[in-house]
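Student: this one's sequence-less:
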């Protein structure tokens, strides 16, 4: 039993009967993903031109990450969207390990939303190096359900797909969730309107019958760019919502207060036995641990990491760290994240989730990074979206947050494009080493410099796989 595992959790672990026959996509357990996965050879990367001088469609980039390949660290294919101005942001699979028992189901199709357009694209990755666009869901089909601004995509067991939506059809509040079936048709709204106002990321833990969702703001607030007036007006979120997964209703809301402003990425531990998880409060520059109090049956949240603001000669106020993304290694031992403004990657040992221990940091890019260029190429922006190999030994990151926010804090991103970088991780020692030989330069795309955001591997990753 771990330090943080309650006796009831241990008992559940001992007595829960779950058949681990793998007939469908993914792996039987998180540990099986660590042990049985092969090294990633290609990465899919959201790439966009919104907010630049390039009048071209956003695209899905296929990046060669196989060091044995002649095209290592290059974009080897691009799947262009059919329209200009989607603002590709987050994306996800049609199926993951939560459907490992479903015979015949494949992790093959990517659901690629346009956050600004509310258009959803379906990309077939049967040919991993040369995927194809196979379907587009137009914004009108989304607006019919009084929803807009798609964000997080999670497959749910048995082949259906759930998408968090940040606004109503007009870009105001409330947001909600859109459900697609396994033929990529809009089923309708998953939740009852009014259960939540603001929305952002979500993660479900089906064995515990719980889903957690976080908050950013209404699309009309965040899409034009960051404005301190919106902070003062209370237009940004600071709550976590815990849902009854089966009944699709919010059963508890936890207010994180001023220290939990803009809670973004929510990550339950991968083990389906656990109710522990983490969320990064970007504007307050904190990380919160949340868990279920087994005696009361209610969820608690407590700040466990606090990043100090730093003085900068070009700023008239201390610069917040802005931790915009976190993830957990597949073995649930380490939490990784990036401080976008400071230019810092961090690695915490969360073996005891209530007492994270900082294991290592890298100082790269951003306003304070020790490393500001690689191979003669300036690094514009700090570590933003991150992704870890299934074996926990390679951490990749990109540098674009959102077009209008990029243009406020790192305007050169629009002129020079993003980069994708990598660190080698030693999980035994708890260390990271910058791989100075690996850089994907999105400033060298055929249509001009592009931004780069979220990444995924064809065989699953640390931010998309869920276990029943």
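Tutor: The structure has been received and is ready for your questions. Since the model is a prediction, treat every value here as computed from it, not as a measurement. Numbering: from 1, shown residues only.
Student: so who does the closest residue to residue 339 other than its chain neighbours touch?
Tutor: Nearest non-adjacent residue to residue 339, counting by CB to CB, 6 or more residues apart in numbering: residue 321, 3.8 Å away. Where C-beta positions appear, they are placed from N, C-alpha and C, glycine not excepted. Residue 321 sits next to 285, 307, 308, 309, 310, 339, 340, 341, 342, 344 when contact means CB atoms under 8 Å, 6 or more residues apart in numbering.
Student: I'd guessed the last one sits against residue 367; true?
Tutor: Spelled out, that is residue 344. No: the criterion here is CB atoms under 8 Å, and residue 344 misses it with residue 367 at 10.1 Å.
Student: which residues are in contact with both of the two?
Tutor: residue 382.
Student: of the two, who's got more company?
Tutor: Neighbour count, other CB atoms under 10 Å: between residue 344 and residue 367, residue 344 has more, with 24 against 19.
Student: check contacts around the more buried one.
Tutor: 321, 338, 361, 362, 363, 364, 366, 368, 369, 382, 383.
Student: any idea how far stretch 275-282 is from the chain center?
Tutor: Relative to its parent chain, stretch 275-282 has a centroid offset of 12 Å by CA atoms, centre = their mean, to the nearest Å.
Student: State the mean pLDDT of it.
Tutor: Confidence for stretch 275-282, expressed as mean pLDDT, is 98.
Student: I'd like the numbering to begin with 16 instead of 1 from here.
Tutor: In the new count, where the first residue is 16, that last one comes out as stretch 290-297.
Student: Pretty sure the residue nearest to residue 354 sits in a helix.
Tutor: No: counting by DSSP: H, G, I helix; E, B strand; the rest coil, residue 336 is not found in a helix; it is coil.
Student: Tell me the secondary structure at residue 157.
Tutor: helix.
Student: That one contacts residue 165, correct?
Tutor: Yes: Residue 157 lies in contact with residue 165 (CB under 8 Å); the separation is 7.2 Å.
Student: Comparing these two, which residue is more hemmed in?
Tutor: residue 165 (29 against 23).
Student: who touches whatever helix or strand residue 402 lives in?
Tutor: Residue 402 belongs to strand 401-403 when elements are defined using DSSP states H and E. Contact partners of strand 401-403, identified using CB under 8 Å, 6+ apart, comprise 58, 340-342, 344-345, 351-353, 360, 409-412, 440, 469-472, 476-478.
Student: Adjacent strands (with direction) for it?
Tutor: strand 409-412 (antiparallel) (DSSP bridges).
Student: Pull the residues that contact the partner strand.
Tutor: 55, 58, 80, 351, 353, 360, 398-404, 435-440, 447, 470.
Student: Stretch 69-78: how far from the chain's middle?
Tutor: With CA atoms, centre = their mean, you get 19 Å for stretch 69-78.
Student: What residues sit buried inside it?
Tutor: Neighbour counts over stretch 69-78 (16 or more other CB atoms under 10 Å) mark 69, 71, 72, 73, 74, 75, 76, 77, 78 as buried.
Student: Kindly report the same for stretch 338-349.
Tutor: 338, 339, 340, 341, 342, 343, 344, 345, 346, 347, 349.
Student: what about the closest residue to residue 308 other than its chain neighbours, is that helix, strand or coil?
Tutor: Nearest non-adjacent residue to residue 308, counting by CB to CB, 6+ apart: residue 315, 5.4 Å away. Secondary structure for residue 315, judged by three-state DSSP, is strand.
Student: quick one: contacts of the longest strand seen in the chain?
Tutor: Ranked by residue count, the top strand of the chain under DSSP state E comes out as strand 446-456. For strand 446-456, contacts defined as CB under 8 Å, 6+ apart pick out 60, 78, 88-90, 360, 362, 374-377, 379, 386, 389-390, 392, 410, 432, 434-441, 467.
Student: Restricted to buried residues, select the contacts of residue 359 in ChimeraX.
Tutor: In ChimeraX syntax, the buried subset of the contacts of residue 359 is picked out as below (16+ other CB under 10 Å):
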select :336,353,377,378,379,381,383,384,397,398
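Student: Right, I'll leave it there.
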